[in-house]
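Undergrad: just to be clear, the model below is a prediction. Sequence and coordinates:
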Amino acid sequence: MFFKTIQTCLTALTLLIGASSSPWAETSGSGSIAFNLLSYEGVYLNRIFRFDAGYTEKYGIPVPVPFVLEVPIRQDVELIADGRPSGGLVKFTFATKDTEPRAFIENFHVVGAVFPRQGEGTEAQTARQEIAARALINSAFPAATKGFSQAKILTSRAIEVNGIAAVEVIGTYQDAANGPMVLRLVALPHPDRDESYFIIHNISQTLVPITGPEQMPQTLGGRVLNSFTYE
């Protein structure tokens, strides 16, 4: 299932459906909560999380491949960390702190994966990225949007995360409880090992009114992703 052919080269994967603003605009919502993540002009503080043998010893949670994250902290955002999420290694959920009831903003979920190395050189790296993209498209996206409505993939492209030759898939769906959502999946193949991770990043478009991929780094999960480092 992971290896069903979608496209024959990574260039063709760059725009599966198109990156115009219109698909994003169709799913945006105004909402009734006075909160807009992208309008924040205050200072972010970062909390460092290291996942390694020390983490395993302290919490009893196996870490297949050590890595480090920096998680942004804001006074008006509640951070909820889950060290034993279903189907993954760790999940960070961000919710409004000053509203009642609290409202979901984003979550950032790290999940173990295996992306087999294809040898050395540029062609091998590209082949590995293709495999990772197919895994996200054929398996991760359907699994992450199961039970939700109007799920569709908007874009798929090769990206770089702190020197890691990564792949991202971005789509949208409707959540009955939280409204219009953006889903960002990012495969992070380890440079020297088959064992790796991929990221599931869900974003409320009501509270984070993004209109295109270029705004991803401004989101809370985007900030976490940009700090991801293998050790």
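TA: Thanks, I have it.
Undergrad: where does residue 172 land on pLDDT?
TA: With respect to pLDDT, residue 172 has a value of 97.
Undergrad: which helix or strand contains it?
TA: strand 164-175 (DSSP states H and E).
Undergrad: for residue 41, same thing?
TA: Using DSSP H and E, no helix or strand contains residue 41.
Undergrad: which residues does residue 80 contact?
TA: 92, 93, 94, 95 (C-beta atoms under 8 Å, 6 or more residues apart in numbering). C-beta: built from backbone N, CA, C; applies to glycine.
Undergrad: quick one: which of the residues you listed sit in strands?
TA: If you go by DSSP state E, these have 92, 93, 94, 95 in strands.
Undergrad: if you rank those residues by neighbours, which is first?
TA: residue 94 (27 neighbours; other C-beta atoms under 10 Å).
Undergrad: give me the pLDDT for that residue.
TA: Confidence score, pLDDT, at residue 94: 96.
Undergrad: how about residue 5?
TA: 26.
Undergrad: now the strands for this protein?
TA: Counting by DSSP E, the strands of the chain are 45-51, 67-73, 77-82, 90-96, 104-114, 149-161, 164-175, 179-188, 195-204, 229-230.
Undergrad: distance to residue 60 added to the ones you listed, as TSV?
TA: Listed next are the strands of the chain as TSV, based on distance: least, C-beta to C-beta, whole Å:
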stretch	distance to residue 60
strand 45-51	13
strand 67-73	18
strand 77-82	15
strand 90-96	14
strand 104-114	16
strand 149-161	28
strand 164-175	28
strand 179-188	24
strand 195-204	19
strand 229-230	22
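Undergrad: for the lengthiest helix in the chain, packing partners?
TA: In the chain, with assignment by DSSP state H, the single longest helix is helix 122-135. When contacts are defined as 3 or more C-beta pairs under 8 Å, 6 or more residues apart in numbering; DSSP states H and E, helix 122-135 sits against helix 10-13, strand 149-161, strand 164-175, strand 179-188.
Undergrad: JSON lines please, covering those and showing distance to residue 229.
TA: Shown next, in JSON lines, are the helices and strands packed on helix 122-135 (distance: least, C-beta to C-beta, whole Å):
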{"stretch": "helix 10-13", "distance to residue 229": "24"}
{"stretch": "strand 149-161", "distance to residue 229": "9"}
{"stretch": "strand 164-175", "distance to residue 229": "9"}
{"stretch": "strand 179-188", "distance to residue 229": "10"}
